[in-house]
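Student: just coords:
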């Protein structure tokens, strides 16, 4: 039996919950895929330990766990917020890239340095490499999420 959404009452029923679960699943998978690619870049550049500092550690393993958890969370947020707009690979790539830039400004330029007692909005060589990584994260996130959502709706 198919249920409906009652907009006036603000309730979501079975069909709406299934769509949300699909978006969350696609977002987490896309976020983890993008996080793996970006994490490998960070590992090569020796930056993954800096992520561990967010939880009071310098361990590379802890850095990976924190990085992938953040990647999954932001992947899920991407598809919940923008999943309905992913109507083609090109649009998914564009939205993913823009999302990556937004995450870069909010995360490494503002929140992370503020949390660690460092100056905010400092753009240097490391920040530009971080921008590249965040854009690549967004590209991978966008296309993986789009592919999964497209496959499930077909």
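Tutor: That came through, no problem. Here the structure is a predicted model, which is why all the values come from computation and not from measurement.
Student: now the element after the helix or strand of the chain with the lowest mean pLDDT, going C-ward?
Tutor: Lowest mean confidence among the helices and strands of the chain (mean pLDDT, DSSP states H and E): helix 112-115, at a mean of 88. Going down the chain from helix 112-115, the next helix or strand is helix 125-153, by DSSP states H and E.
Student: what about the chain, any weak spots by pLDDT?
Tutor: 1-16, 18, 153-154 (pLDDT under 70).
Student: please repeat the previous calculation with a cut-off of 90.
Tutor: For the chain, the stretches flagged by pLDDT under 90 are 1-18, 50, 53-54, 112-113, 115-118, 151-154.
Student: now the biggest helix by length in the chain, how far from the chain's geometric center?
Tutor: When the chain is scanned for its longest helix (criterion: DSSP state H), the result is helix 14-45. Put simply, helix 14-45 sits 6 Å off its chain's centre (C-alpha atoms, centre = their mean, to the nearest Å).
Student: which positions in that helix come out as buried?
Tutor: Across helix 14-45, burial judged by 16 or more other C-beta atoms under 10 Å covers 19, 22-35, 37-39, 41-42. The way it works is simple: take the backbone N, C-alpha and C, and place the C-beta from them, glycine included.
Student: same deal with stretch 101-118?
Tutor: Residues of stretch 101-118 classed as buried: 103, 104, 107, 108, 109, 112, 113 (neighbour count, 16+ other C-beta under 10 Å).
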